[in-house]
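Peer 1: Sequence first, then the predicted structure:
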Amino acid sequence: MAILINDTTPRIQYTATSGQTVFTVPFEFFENADLKVYKNSTLLTITTNYTVTGAGITGGGSVTLTSGATAGDVITIFRDIAVKRVTDFPTSGPFNISALNNDLDRIVAMVQEREDEITRVVQLSDTDSSASLQLPPVATRASKVLGFDSTGNTIAMQELGNYRGNWASGTAYVLRDLIKDTTNANIYICVAAHTSSGSLPITTNANAAAWALLVDAATATSSSSAAASSASAAASSASAAASSASAAAGSASAASTSASNAATSASNAATSATNASNSASTASTQATNAANSASSASTSATNAANSATSASGSASTATTQASNASSSATSAASSASTATTQASNATSSASAASTSASNAATSASNASSSATAAAAAQSAAETARDQTLTAFDNFDDRYLGTKTSDPTLDNDGNALVAGALYFDSISGVMKVYTGSAWVAAYVSGSGFLATSGGTITGNLVVNSNSASNGIRITQTGAGNALVVEDSANPDASPFVVDASGNVGIGTSSPGTGLTVYSTTSDYQIEAGFSSTFAWKMGRVAATGAFGFTGYNGAATPVVPLTMDLSGNVGIGTTSTTANAKLAVEQGIVARASTAGLVPYLQLYNSNAGTNLKTWRIGGDSGGSLSIETVNDAYSAAS
C-alpha cells in the first residue's frame, strides 16, 4: 500500500524520563527493520529490546522498549532503508501502479536519509568560496595534525609550533613560530607572518597583533606573589584576632571584678546608712531623755531644797547624757558622710564596669571581623595557589626542562603532547616533539656567513644551471668589484676587476680594458690549447722589449717576434739591431697572391730632403729580379 512521505527529517532523539517505554516515531517507514534504535551509544535489538508499530502508515508510528529507561537516557531513532530495488516491472502487460508508488516512496525516503547524513558531515558554507576539504593521503597525514593552509584547504601539519627561542628584533617570523618574551618569561605563538622590529615587551611592541599569548608566566608569577602576600596577611590578621580576643577576655574579667566590687561597696554603703539612721534615732531619744531629766532636776531643785544633793547629782547625770547625745549625733553625721562617699564610689565602679563591658563587646566584634578577613584571605591564597599550580603544571607539560636523552613521557608520567620542548644537555640543542619524534627546534647560525663583512675560510663552489647570472657582484663605491689574492692581504700582484670593469692581472690598479704585470717571467699573456701549443706575448724581462713567441709541441719556443723600447723590431730573433728598425733572422719572403700584382720590397730614406729616394726590389712579370730607384714612394720608376 502506497504512503505519503512528508518533508521531515528521518531522525528523532529523546531524553527519557524514569521508567519511560513508549517513544513516538514522527516520520514514515515501510518495515519494522527500517528503524535503528540506540539507547545512549548502544544499538538495541528489535524484539529483544523493543517492538515497533506504524510500519507503512503515513505519519509514522512508535517504538516501545521492553524495559523502562533510566532517567536521563538518550534514545535515538532513525530510518535506515537498505539501498536496493525490490521490484521489477514487466516489459508488457498490466502496469503495477501500487508497486511503482512503493518504489517511488522508497526512493524519496532514501533521498531524505542521504540529506540527513549530508547535514552531519564537515562541509563548506553556502556563502564560502570554493575550497578542498579532501584529506591528504594516509602516508602524508599519519601521526600529523589536521589543519588548513592560507587558502582554506585541508592539510596535514607536522607540528603545532616551531620554537624560535628568545624574541629578537629584525627576525622574520612565520605562522606558528613560538618565542619567549625575556622581560616577563611569557610564551607567544605567531599568528601573522612579519619581520620583527622595535623592543620588548610584546604587549607594547608595534607587532603585538601578530602574537597570541600561549603561556602567561607573568600572571602566574604575580598570582604566586599575591598568594604569598595574602597568606602573610592572613597570618597577621589571625594573630591580631587572637590578641583582640585575649584583650577582650581581660576586659571582661576586669568588668566582672569591678561589678563585684561595686556590689560590695553598695552593700557596705547601705549598711552604713542603716547604722547612721539607727545612731541618729538613738541620739534623738537620748536628747529627749536629757531634756526630761533637766526638767525633773529643775523641779526637784525648786520643790525640795533638801534634795539639792540629789538634784545636783541628777544635773550631773543630765549633763553627761547630753554630752553622750552630742557625740552620738556627730557619729551619725560621720556615718552619713561615709555612706554618701561609698554610694558615689559604687556609682563610679558601676560606670567603669559598663565601659569595660562595652569595650569587651567591641573587642569581641573586632576579633570576629579579623577572623572573617583571615578566612577570606586564606581562601584567596588557596585559590591563587591552585591557579599557580595549574599554570605551572600546564607549562611543565609543555617545557620538560633539561634532559640527557629524548624522553618518552612528560614530567608527570603522561603521554607527550605535540609541541613539547626540552633542552638536550648532551648535544646542546633545544628539541621539539612533532607528535611522533623529537627534532631540533632550531639550527645554530655559528657556521653561517654574515650578510656584511663575512669571510669564507674554506673553498667556495658555485653550481648554477639557470638563465640568470651564477654570481653577481655589484660595486657602487670606489673600491674594486673583485679581488683574488694568493697571499696575505694586501697581495702586490692580485687578480682585480675594478668598478669600471677593467681587469688587472698582477696589479691592483688596472688601466683601461686589460692590464697584465709580471716581474718574474717573460711573455705575460698566453693563448692556445696547452702549454706546448700556444702563442705568448708580453714584456721580455731581460731586455724590457715587447715580444711574441710560439710553442708548437716543442719544449722551447719558435718564431719569436720582438720590439724594443726604441721601436726596433726583430723577426725570428729575441734581439734587435741598433739603428735598424727591422732585423730578420733567416730571410724575408714576399709573394703576390693575386694575378697581375708584382711582389716587392720597398726601401726609402726619410732624411734625404725634399727629393725622397726610394729603392724597390722585386720581381717583374717575367719572373726576373729587378731593383728600381724612384724619386718618391709614389712616382713611376726611372
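Peer 2: Structure's in. What do you need? Residues are numbered from 1 along each chain as shown.
Peer 1: So for Y173, what's the nearest residue that isn't a sequence neighbour?
Peer 2: C190 (4.7 Å; CB to CB, 6 or more residues apart in numbering). Any C-beta I mention is one placed from the backbone N, CA and C, and that applies to glycine too.
Peer 1: which ones are touching that neighbour?
Peer 2: By CB atoms under 8 Å, 6 or more residues apart in numbering, the contact set of C190 is Y173, V174, L175, R176, D177, L178, I179, A210, W211.
Peer 1: Among those, which are located in helices?
Peer 2: Cross-referencing the contacts of C190 against helices under DSSP state H gives no overlap.
Peer 1: Filter those down to the buried ones.
Peer 2: Y173, R176, D177, L178, I179, A210, W211 (16 or more other CB atoms under 10 Å).
Peer 1: Please list all residues in contact with the first one.
Peer 2: Put plainly, it is Y173. By CB under 8 Å, 6+ apart, the contact list for Y173 reads R164, I179, C190, A193, H194, T195, S196, A210.
Peer 1: pLDDT score for it?
Peer 2: What the model reports as pLDDT for Y173 is 94.
Peer 1: how about the helices of the stretch 51-200 of the chain, start to end?
Peer 2: In the stretch 51-200 of the chain, the helices defined using DSSP state H, counting those that start in this stretch lie at 97-118, 138-141.
Peer 1: ranking these by burial, who's on top?
Peer 2: Compared across those, helix 97-118 shows the largest average neighbour count, a mean of 14 (mean count of other CB atoms under 10 Å).
Peer 1: I'd like to check which residues are in contact with V503.
Peer 2: Contacts for V503 (CB under 8 Å, 6+ apart) come out as F495, V496, V497, P510, G513, L514, T515.
Peer 1: now with 6 Å?
Peer 2: Taking CB atoms under 6 Å, 6 or more residues apart in numbering, we find V503 in contact with V497, P510, L514.
Peer 1: ditto for K180
Peer 2: N166, I187.
Peer 1: ok so, going back, which of the contacts of V503 fall within strands?
Peer 2: V497, L514 (DSSP state E).
Peer 1: Columns distance to Q123, neighbour count and pLDDT on top of the contacts of V503, output as a markdown table?
Peer 2: Below are the contacts of V503 laid out as a markdown table (distance: CB to CB, whole Å; neighbours: other CB atoms under 10 Å; pLDDT from 0 to 100):
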| residue | distance to Q123 | neighbour count | pLDDT |
| --- | --- | --- | --- |
| V497 | 64 | 17 | 84 |
| P510 | 72 | 22 | 83 |
| L514 | 72 | 11 | 85 |
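Peer 1: so which of the contacts of V503 comes closest to I473?
Peer 2: Within the contacts of V503, the smallest distance to I473 is 8.0 Å, found for V497 (CB to CB).
Peer 1: Distance of that closest one relative to I525?
Peer 2: Using CB to CB, to the nearest Å, V497 is found at 17 Å from I525.
Peer 1: Return the helix or strand in this protein with minimum mean pLDDT.
Peer 2: Lowest mean confidence among the helices and strands of the chain (mean pLDDT, DSSP states H and E): helix 217-303, at a mean of 55.
Peer 1: number of nearby residues for I12?
Peer 2: 18 (other CB atoms under 10 Å).
Peer 1: Tell me the secondary structure of it, please.
Peer 2: strand (DSSP: H, G, I helix; E, B strand; the rest coil).
Peer 1: give me every residue that touches the residue nearest to it when sequence neighbours are not counted.
Peer 2: Among residues not flanking I12 along the chain, I77 sits closest, at 5.2 Å (CB to CB, 6+ apart). By CB under 6 Å, 6+ apart, the contact list for I77 reads I12, V25, V37, V63.
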